[in-house]
Structure formats: C-alpha cells, structure tokens
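**Student:** only the shape, not the letters, is given here:
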C-alpha cells in the first residue's frame, strides 16, 4: 500500500487495485530496483486514513548488526573525498550517510508521522509505503520533472546548496548550484528548441533553504523517458561528471543508497511527475535509517558538512510520532 500528497495540496492519494496499470513507481538511485504499485490513483479522505493503524512494531523486517558511521569517521572520509575532488578537478561530488534511530524503548506511529510531515512541509511531495517487507517515508521538494500531457510542457528545477533559513549564502553554496543549473540546461537543449530559465531564488523547506532555478521547455512525449534517463541522477544527488561521480560514490560510500536519491514516478490524467527521493527514511521493526547527504566541493569543511547532514536529518526526526 502507498499513500502520498502532492506539493501545495491537502488531498491524500492512494492506489486502488482495480487494474493492472502502474501509475506509481519508486526507482532506486542505481536503477537496480523498481517498486510498482498497481491500480488507479484514488483520493482517500483524511478520516479514512486516520482510521488506519500502522506502527513500526507491526513490520516484519528487522535491522541486524548495523554500525552507524560516527562523526570522526565521516569527517575523515570527507577529507579523502576532498583530495579526490581536487585531484580530478571536480566541481561537486554528493556523499550520503545513514543516521540510526533505535526503537528499543518506544514505537513509532507511521501514519501520524506521515501526517506530521504533510503539515510541516506544505511545499513537499510526501509519501508513505509498505510493500514486500519494505517501509519508507519521505518528504522532499525537488522535482526531477513534470510533463503536461495536454500541452507537452516539461518543467524541472536546479536545486542545490543548503543553509539554515536565517543564514546568508556564501560562495561555496553559490558555486555548488551553478554546475547543477548548467547540467540541466544543456540536457534540455538536446530535447527542445527553446528553454525558459528563471532567476535563481531561495527555496524554503522547513528550517533550511536551498538555491533554486526553474526550467520550462516543450518536448515530445516519446522523448520523455530518454530525457529522465539523461537527467537522473542530477548533480544535486550525484555530481559532475555523472559517470565518474557515480563510480566515486560506489567507492566512497560503504552502504547501498537503495531508494534514497532515486526518484518516484506518479502518473495522473493530466501529468506525469517525477520527484527526487530525498529527506527519507527506511523503517524496520526495531529501528529506522534516515538517509542524508550533501554536495562536497574542494572548499568544503568536513565539520560543516557533518552539521549539514545532522540538520537535514531533522526533517524526519522532528516529525516522528512516538508511542512509549
């Protein structure tokens, strides 16, 4: 079962298994896994959703022998990554970590956690699913793409750089966002004769903000899958150049990203939408793993990057509904 809410909406949706159509699918970062939810999309009332009961204690899978990467280990790894970035003259490489939340002495109300995220992040795509012993919850604002079936207009965004809302942008964040914007623009030019680009502006997401630039272009529907394949993974979740950075991620990260930094495809009557799966957590009977990451550049401070991932983890942590 899957439940989700679109950005800037209060309507909750699920899938109704009345057909073999696959209108909601989750794609892993490395494209090795795809989780489909069969059936047409249908609205579910808040009252009906609240009558459901989902607790982590009801899940069948357990997290066994997990060793969390501590601050010292993470910062030492980033020192090596910064050396790698300088040696290869990379503009950016995105590195992730997993934060452990143990449920030894309490349980989590998964349903209410989802609703808490909906309330905390009105401009985010928020989802919750349980299928084949997997349970994930996420809330994030980055759109990989949105295709209007009627007008053939495709929209996407460049989203990079992270600070607390009250802080001012530095050259590090500004330089981090530029290659993301250029990467997306160059790809769109291969699929459309004209590309519309907005000014760069602040995108607020709870207690943090990002730099954002929007793009619009008209494309042929038959090219949509090819375009998404070119865009994913974006520099915001991988780095530039894409192939080299993907290999580096595999070498430096000791864990599989699974669905983190992959994307979710949702098809409605009007649109086909693709959302980047960030600010998410994988839930087990006895624990949760919160996936967080950051864009590393030659000028990055390992200590500051650690603090940034801790800040990002609060998106899930502060919305967990605890039952003691």
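**Tutor:** Great, that's in hand. Keep in mind that what you see is a predicted model, and the values were worked out from it rather than measured.
**Student:** so which strand or helix has the residue nearest to residue 287 when sequence neighbours are not counted?
**Tutor:** Nearest residue to residue 287 in three dimensions, chain neighbours excluded: residue 63, at 4.4 Å (C-beta to C-beta, 6 or more residues apart in numbering). C-beta coordinates here come from the backbone N, C-alpha and C atoms, glycine included. If you go by DSSP states H and E, residue 63 is not part of any helix or strand.
**Student:** can you pull out the helices in the stretch 51-200 of the chain?
**Tutor:** 71-88, 110-120, 171-189 (DSSP state H, counting those that start in this stretch).
**Student:** give me the pLDDT value at residue 20.
**Tutor:** With respect to pLDDT, residue 20 scores 65.
**Student:** verify the stated contact: residue 104 with residue 286.
**Tutor:** Yes - Residue 104 is within contact range of residue 286, at 7.1 Å (criterion: C-beta atoms under 8 Å).
**Student:** ok, residue 44 - contacts?
**Tutor:** Applying C-beta atoms under 8 Å, 6 or more residues apart in numbering, we find residue 44 in contact with 3, 12-14.
**Student:** got a quick ChimeraX command for the buried subset of the residues you listed?
**Tutor:** Those of the contacts of residue 44 that count as buried under 16 or more other C-beta atoms under 10 Å are selected in ChimeraX with:
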select :3,12,13,14
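**Student:** looking at the contacts of residue 44, which one is closest to residue 220?
**Tutor:** Distance to residue 220 across those (C-beta to C-beta) is lowest for residue 13, with 27.9 Å.
**Student:** beta-bridge partners for the closest one, please?
**Tutor:** residue 4, residue 43 (DSSP bridges).
**Student:** got a list of what it touches?
**Tutor:** Counted by C-beta under 8 Å, 6+ apart, residue 13 has contacts 3-6, 41-44.
**Student:** what does residue 163 give?
**Tutor:** 169, 173, 208-209.
**Student:** bridging across strands, which residues link to the nearest residue to residue 98 once chain neighbours are set aside?
**Tutor:** Take residue 98 and drop its neighbours on the chain: the residue closest to it by C-beta to C-beta, 6+ apart is residue 289, 4.5 Å away. Taking DSSP bridges as the rule, residue 289 bridges to residue 100, residue 282.
**Student:** OK, contacts around residue 289?
**Tutor:** Contacts of residue 289 by C-beta under 8 Å, 6+ apart are 63, 66, 98-101, 281-282.
**Student:** now rank those residues by neighbours and give me the top one.
**Tutor:** Within the contacts of residue 289, residue 281 tops the neighbour count with 26 neighbours, counted by other C-beta atoms under 10 Å.
**Student:** how far away is that one from residue 317?
**Tutor:** Remark: distance between residue 281 and residue 317 (C-beta to C-beta, to the nearest Å) = 9 Å.
**Student:** shared neighbours of those two, anything?
**Tutor:** Contacts common to residue 281 and residue 317, judged by C-beta under 8 Å, 6+ apart, are 101, 290.
**Student:** before we move on, back to that, among residue 104 and residue 286, which residue is more densely surrounded?
**Tutor:** A count of neighbours by other C-beta under 10 Å puts residue 286 above the other of residue 104 and residue 286, at 16 against 6.
**Student:** ok, that one - contacts?
**Tutor:** Taking C-beta under 8 Å, 6+ apart, one finds 56, 62-63, 102-104 in contact with residue 286.
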